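S.K.: Give me a 3D structure for the following:
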Amino acid sequence: MIANLSLERLKAKRTKAYSISFLILIIAMMWITASNLQYMRVPERRNFSIIVGSFSDLNALLFPIAIALFCSKISDIEHKGNTLKLLIPSGQNIGSLYISKVIYAGLFFTLLTLLQSIMIPVIAKKYQVPFEINMYLHHLIGLAIANLFLIAIQVFLSLKLEKQAISISIGLFGGFLGIMMSRVPEVLRQILPWGYIGVLSPVKMVSEKVGEGAVARFIPKTGLGIREIIYFMAAVGLILLFSNVLNKKGSR
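M.R.: Numbers count the residues shown, from 1 in each chain. Below you'll find the predicted structure:
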């Protein structure tokens, strides 16, 4: 497995998959910084939930796009090199290749999550907002699990479809769907994986009536640990299902 992951690292480097993802990360950090400047202008609204909530909102848009592009890059090379056709005669299977790509992409985007989330304590300190370690950890775990769902889907599509424009388009659509689903009831977000970043976020947006209008704010969720375990097991099940589907396709 270590050898397979090293090979995936070389493929990602060769296809310049890293540069695209890091560019999106930089855009996200700049966007979040500007967003929090707007939120934090009112001292009464300053709390840790609103910082985490602003990250979750933006991640629902950008991570599906970044994942689609990265997974397409590391998978398209297999189509161009006819690797998929050569696996069966060599005694290997597409399912193993799929799992290697999912694990590598999962590790890479977990690293990006950690890098991006460094901004959370930085912003909290700047505006003198008490740092909540429990909420912070649930933010990291929930985002990693939600990303795993998206990676499982995008690698599957990128390996199964030779035309990468289709899988990338699905990822782009998923990004815009993700940001729209952050504004709908959670029960609807649970239907599609592109809404899972919001579902697994440790905060949720609520609307409060103020005078004749309404103000949106973020409040903490409960029962996060059980939810994270359930969704992680579901993600692993989805990965094994897709691996089996690809193996059956390759054996024909």
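S.K.: Just the pLDDT for His182.
M.R.: Actually, residue 182 is Ser rather than His. Among the per-residue scores, Ser182 holds a pLDDT of 68.
S.K.: Helix or strand with the lowest mean pLDDT in the chain?
M.R.: When each helix and strand of the chain is scored by mean pLDDT, DSSP states H and E, helix 83-87 comes last, with a mean of 58.
S.K.: elements contacting whichever helix or strand comes after it?
M.R.: Moving toward the C-terminus from helix 83-87, the next helix or strand (DSSP states H and E) is helix 94-117. Using 3 or more Cβ pairs under 8 Å, 6 or more residues apart in numbering; DSSP states H and E as the contact test, the elements touching helix 94-117 are helix 2-14, helix 17-39, helix 48-80, helix 83-87, helix 133-160, helix 224-250. (Each C-beta comes from the backbone N, C-alpha and C, glycine too.)
S.K.: could the ones you listed go into CSV alongside distance to Gln116 and mean neighbour count?
M.R.: Conversion of the helices and strands packed on helix 94-117 to CSV gives the following (distance: least, Cβ to Cβ, whole Å; neighbours: other Cβ atoms under 10 Å):
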stretch, distance to Gln116, mean neighbour count
helix 2-14, 19, 14
helix 17-39, 6, 16
helix 48-80, 7, 23
helix 83-87, 32, 15
helix 133-160, 9, 22
helix 224-250, 19, 15
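S.K.: least reliable of those going by mean pLDDT?
M.R.: Here the lowest mean pLDDT among the helices and strands packed on helix 94-117 goes to helix 83-87, at a mean of 58.
S.K.: Need the nearest residue in space to Leu107, chain neighbours excluded.
M.R.: Once flanking residues are discounted, Leu107 sits nearest to Leu5: 7.7 Å by Cβ to Cβ, 6 or more residues apart in numbering.
S.K.: surely the one you found meets Ser100?
M.R.: Yes. Judged on Cβ atoms under 8 Å, Leu5 makes contact with Ser100 at a distance of 6.4 Å.
S.K.: returning to what we had before: ok, now how distant is the residue nearest to Leu107 from Lys11?
M.R.: Distance, Leu5 to Lys11, using Cβ to Cβ, to the nearest Å: 11 Å.
S.K.: What strand or helix carries Pro130?
M.R.: With DSSP H and E as the criterion, Pro130 is inside neither a helix nor a strand.
S.K.: Leaving out chain neighbours, which residue sits closest to it?
M.R.: Leaving aside its sequence neighbours, Pro130 sits nearest to Phe48 (Cβ to Cβ, 6+ apart; 6.4 Å).
S.K.: Now do the same contact list for that neighbour.
M.R.: Residues in contact with Phe48 (Cβ atoms under 8 Å, 6 or more residues apart in numbering) are Ala124, Val129, Pro130, Phe131, Glu132, Met135, Tyr136.
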